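> Pasted the sequence and its predicted model underneath.
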Amino acid sequence: MTASASQILAQLRSLADPAAVEGMARYGINPSNTLGIAIPVLRKIARQAGRDHNLALELWASGVHEARLLACFIDDPRQVSAEQMESWAQDFDSWDIVDQCCNNLFYRTPFAYPKAEAWCCREEEFTKRAGFAMLASLAVHDKHAPDRRFEPFLRVIVAEASDERNYVKKAVNWALRQIGKRNPALNALAIQCAEEMLTFPSRAARWNARDAQRELTSSKVRARLGLDEN
């Protein structure tokens, strides 16, 4: 029998670790309503709970940080609606919630590409991060997607590369690097984007460009893509 939301919340509160919350805060994780439970522990609870859309909705509604992470792990992407994605995006208040939600759940939905396109241009910091985080996830996991799925996003990355906010800047960089590691053609296009961004007056854009160039032109990436073969 699946545990109820109230039972799981009681279990989570029994595992609370205030010292861990302080450590998480040093890494930029929002300490509000946070219990300090490690991700491996939450994944174990998620395996015990199994996929459960309604339970995920209840856990998210609790506002407890770890309960929301757990919701990302147990929700069924086939039952996630576009409206739910927008509602949860409005609740995003910490970069780790954004990343776990996009990397474990949202990218698996039929709405992933249109939401990424919309969110990459949003003003809200965590929603904007979610757009680029989801784009990075799609670049890694949607292995059979044609290049035309990602080529337009490279122009979005260039357009948004000057956002100086740390959580946005790092997500923009993440998306550029993951797209550029898909295949030789996208690698070349991503490097061209980085070269263009190097000319921008924005420090964020230049940081993004240099960091992406470093990885995308590395011997490791070139070897994996077959770019150093005769």
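Cool, got the structure.

> Not counting residues beside it along the chain, what's closest to Phe153?
Spatial nearest neighbour of Phe153, chain neighbours left out: Leu135 (5.7 Å); criterion: Cβ to Cβ, 6 or more residues apart in numbering. Every C-beta, even on glycine, is put in place using the N, C-alpha and C of the backbone.

> I'd like to know which elements the helix or strand hosting the one you found is packed against.
Using DSSP states H and E, Leu135 maps to helix 125-141. Where contact means 3 or more Cβ pairs under 8 Å, 6 or more residues apart in numbering; DSSP states H and E, helix 125-141 is packed against helix 82-91, helix 95-104, helix 112-119, helix 151-160, helix 166-180.

> Serialize those to a markdown table and add fields for distance to Asn30, mean neighbour count and mean pLDDT.
Formatted as a markdown table, the helices and strands packed on helix 125-141 follow (distance: least, Cβ to Cβ, whole Å; neighbours: other Cβ atoms under 10 Å; pLDDT from 0 to 100):
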| stretch | distance to Asn30 | mean neighbour count | mean pLDDT |
| --- | --- | --- | --- |
| helix 82-91 | 11 | 16 | 98 |
| helix 95-104 | 8 | 22 | 97 |
| helix 112-119 | 19 | 19 | 98 |
| helix 151-160 | 23 | 17 | 97 |
| helix 166-180 | 11 | 24 | 97 |
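
> In CSV: these, plus distance to Trp60.
Formatted as CSV, the helices and strands packed on helix 125-141 follow (distance: least, Cβ to Cβ, whole Å):
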stretch, distance to Trp60
helix 82-91, 6
helix 95-104, 9
helix 112-119, 17
helix 151-160, 27
helix 166-180, 20
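
> With respect to Phe126, which of these lies nearest?
Among the helices and strands packed on helix 125-141, helix 95-104 comes nearest to Phe126, with 5.3 Å by Cβ to Cβ.

> For Ile74, which of the helices and strands packed on helix 125-141 is the nearest?
Closest among the helices and strands packed on helix 125-141, once you apply Cβ to Cβ, is helix 95-104, at 9.5 Å.

> mind exporting that closest one as CSV, just the C-alpha atoms?
What follows is helix 95-104, C-alpha atoms only, in CSV (Å, rounded to 0.1, in the frame of the first residue of the first chain):
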residue,chain,number,x,y,z
TRP,A,95,18.2,26.3,-8.4
ASP,A,96,18.2,22.6,-7.2
ILE,A,97,14.4,22.3,-7.4
VAL,A,98,14.6,23.7,-10.9
ASP,A,99,17.3,21.3,-12.1
GLN,A,100,15.8,18.2,-10.5
CYS,A,101,12.4,19.0,-11.8
CYS,A,102,13.6,19.6,-15.4
ASN,A,103,16.2,16.7,-15.4
ASN,A,104,13.9,14.1,-13.9
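
> and for it, what are the contacting residues?
Under the contact criterion Cβ atoms under 8 Å, 6 or more residues apart in numbering, helix 95-104 has outside partners 28-30, 39, 65, 68-69, 72-73, 88, 92, 126, 129-130, 133-134, 137, 167.

> All set now, cheers.
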